[in-house]
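>>> With the input below, show me the fold.
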Amino acid sequence: MALRDFEAQLGREDSLYVVHNAVVRAAQAIRPVVESGAVLAACSDEFNGEVRSAFASDVARMLIGPHVPGHRRVFSVSNLGGRIEPGAIALANLHFTAQTERAGEKLLLVEIAGHVGRRETPGGSRWGELDRFGTVSPCCGALQLLLDKPAGAESVRFPWFDQLTAFFGPERLAALRQDATPFRMLRAAVVHAVLQSESALVDLLREPPATGTHVLLVALVVVNRRGTDHALPVAIHHLSFLGGVAELRFGASLRSTPAALVVDASQSNLRVSSPFAPAPVAPVRPESAAGTAVRGLHPHPPPVPGVPPVFPQALTDEQRAKARGSAVQAHLSDHRRRLESLRGHPSTLNIYARPLLRAFVQGLSILAPEVALAAFPLELAGEWLHARRLKELLARGPSTEEARKVLHELEPTLQQLGHREARQVLEALLAQQHPLLGTR
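The predicted structure is shown next:
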């Protein structure tokens, strides 16, 4: 019930205190647990001091036992923009695992906080700005620089800029850069928080906690303003892990497509909605999934009806044995089971299609990257990667290192897929009759 209550608050601006109370209620509804841990990912901006302090006092203090000193209750990830760094949640999980080494389950609460400024003027609210010690300043400054592109980005390496650019992808960035409405920076902050929550999900599915764990992941956009801050919840996810197996218990989220974010500013506290298309995505036959997904991204000739996609056949006997190995098959079965469990819930599958696809490909690239690369239909991989290079690589059979590098380059492309395209690619890769991964 508490999770449903929080879902009803998605996209509704309210005071940070009210939103954090809802977070605590949702967390306390997950029982029984023998211990808890708290993770906060927020931008380094000094105006986020309020959310850092509020999270420690209003959330972590209410969940973590008194045996943990107050100044050690929060695993904090602070960087430009507030990005979840790969491995951060796994490390935090280890830090907060003590009693569950022996018995019971723990709760790991992860809050991802994007932020945006709201400055009041005689002409109304100005989103993406704040009065920073007497000077009008962009907020979030990192997201503003992302949209404007720093002058030195082509000459000097900006790791945060490269990472955010990869997170957003060219289509989202183009849409936001062309957004001439007053809510461009608000949309950028919402998209950013949703994408960061997806990356956290991928990290958890790729590296599941080894001990019994419930993960409550919430994402919000903090509204930095005169007076106390407000917050706009954008996502909530509840996952459980037992024996390294993940279960998706509950999930709700706004979308990461800028044009889909509808802003209602008719009241003092705004509302943001982003409904999916009312019609559920129909199951896609494996032989048509790849071509359909590609046509949604780039010009591509339609597949010949009834002709299945072409898969590379250049794997060595050793690589084919690896594809049939227990670890790969267990990974495949786990993701097939998860996909099947979501088929009856189209709206939830819309939310999880892209994270599930990324987690599947990342996990397979760790276990057997040459198999993962060969698992993509040629017409699909060829659209995204340099066709000649890929053809030559697959003709001679890629080494583990080569395949892993190519898959690493493919990751940003997977991240920018829409929910329909992501589901179609996932369906193609998890097809029961896949010639490399299937059981025929």
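>>> L417 contacts R354, doesn't it?
Yes - between L417 and R354 there is a contact under C-beta atoms under 8 Å: 5.9 Å. From N, CA and C alone the C-beta is placed, and that goes for glycine too.
>>> Look at those two and report which has more neighbours.
Taking neighbours as other C-beta atoms under 10 Å, L417 and R354 compare with R354 leading, 25 against 22.
>>> can you pull the contacts of that one?
198, 414-415, 417, 419, 422 (C-beta atoms under 8 Å, 6 or more residues apart in numbering).
>>> Restricted to helices, list those.
Per DSSP state H, helices hold the following members of these: 198, 414-415, 419, 422.
>>> Most neighbours among those residues, please name it.
E198 (26 neighbours).
>>> Tell me how far the closest residue to it other than its chain neighbours lies from F158.
Sequence neighbours aside, P355 is the residue nearest to E198 in space, at 4.7 Å (criterion: C-beta to C-beta, 6 or more residues apart in numbering). Distance, P355 to F158, using C-beta to C-beta, to the nearest Å: 26 Å.
>>> Of the two, which one has the most company?
Taking other C-beta under 10 Å, P355 and F158 do not tie; P355 has more neighbours (23 against 18).
>>> May I ask which helix or strand encompasses the more buried one?
Assigned by DSSP states H and E, P355 belongs to helix 346-367.
>>> Using CSV, write out every CA atom in that helix.
Only the C-alpha atoms of helix 346-367 are listed here, as CSV (Å, rounded to 0.1, in the frame of the first residue of the first chain):
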residue,chain,number,x,y,z
PRO,A,346,2.6,-4.3,-20.3
SER,A,347,3.0,-1.0,-18.5
THR,A,348,5.6,-2.5,-16.2
LEU,A,349,7.4,-4.2,-19.1
ASN,A,350,7.5,-0.8,-20.8
ILE,A,351,9.4,0.5,-17.7
TYR,A,352,11.8,-2.4,-17.5
ALA,A,353,12.5,-3.3,-21.1
ARG,A,354,15.6,-1.2,-21.6
PRO,A,355,17.2,-1.9,-18.2
LEU,A,356,16.5,-5.7,-18.7
LEU,A,357,18.1,-5.5,-22.1
ARG,A,358,21.2,-3.7,-20.9
ALA,A,359,21.6,-6.0,-17.9
PHE,A,360,21.3,-9.1,-20.1
VAL,A,361,23.9,-7.9,-22.6
GLN,A,362,26.3,-6.7,-19.9
GLY,A,363,26.0,-9.9,-17.9
LEU,A,364,26.5,-12.0,-21.1
SER,A,365,29.5,-9.9,-22.1
ILE,A,366,31.1,-10.7,-18.7
LEU,A,367,30.4,-14.4,-19.0
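>>> what's the burial count for C140?
C140, neighbours per other C-beta under 10 Å, totals 28.
>>> Revised request: answer the last question for F133.
By other C-beta under 10 Å, the residues close to F133 number 7.
>>> Let me know the pLDDT of it.
For F133, the model assigns a pLDDT of 86.
>>> how about the helices in the stretch 1-150 of the chain?
Per DSSP state H, counting those that start in this stretch, the stretch 1-150 of the chain carries helices over the ranges 2-8, 16-28, 49-54, 61-63, 88-95, 141-148.
>>> If you drop the residues flanking it in sequence, what lies closest to N269?
In this structure, N269 finds its nearest non-sequential neighbour in E13, 4.1 Å apart by C-beta to C-beta, 6+ apart.
>>> re earlier: export the ones in helices among the contacts of R354 to JSON lines and append columns for distance to R72.
Below are the ones in helices among the contacts of R354 laid out as JSON lines (distance: C-beta to C-beta, whole Å):
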{"residue": "E198", "distance to R72": "29"}
{"residue": "L414", "distance to R72": "37"}
{"residue": "Q415", "distance to R72": "34"}
{"residue": "H419", "distance to R72": "39"}
{"residue": "A422", "distance to R72": "39"}
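>>> where do the strands sit along the stretch 201-350 of the chain?
For the stretch 201-350 of the chain, the strands defined by DSSP state E, counting those that start in this stretch occupy 213-224, 230-242, 245-253, 262-264, 271-273.
>>> same question, the stretch 51-200 of the chain
For the stretch 51-200 of the chain, the strands defined by DSSP E, counting those that start in this stretch cover 74-79, 106-121, 124-127, 129-132, 135-138.
>>> can you put those strands in a markdown table and add mean neighbour count and distance to H95?
Compiled in a markdown table, the strands of the stretch 51-200 of the chain are given as follows (neighbours: other C-beta atoms under 10 Å; distance: least, C-beta to C-beta, whole Å):
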| stretch | mean neighbour count | distance to H95 |
| --- | --- | --- |
| strand 74-79 | 18 | 6 |
| strand 106-121 | 24 | 10 |
| strand 124-127 | 16 | 36 |
| strand 129-132 | 20 | 33 |
| strand 135-138 | 14 | 34 |
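>>> Turn those strands into TSV, including distance to A265.
Converted to TSV, the strands of the stretch 51-200 of the chain look like this (distance: least, C-beta to C-beta, whole Å):
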stretch	distance to A265
strand 74-79	30
strand 106-121	11
strand 124-127	7
strand 129-132	15
strand 135-138	20
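>>> right, so of these, which gets closest to N48?
Of all the strands of the stretch 51-200 of the chain, strand 106-121 sits nearest to N48, with 5.9 Å by C-beta to C-beta.
>>> any low-confidence regions in the stretch 251-400 of the chain?
277-320, 377-391, 394-395 (pLDDT under 70).
>>> one more time with 90
Under the criterion pLDDT under 90, the flagged ranges of the stretch 251-400 of the chain are 268, 275-330, 343-347, 367-400.
>>> and if you look at the stretch 101-250 of the chain?
In the predicted model, the stretch 101-250 of the chain carries pLDDT under 90 at residues 101-103, 121-125, 132-134, 148-163, 165-167, 169, 243-245.
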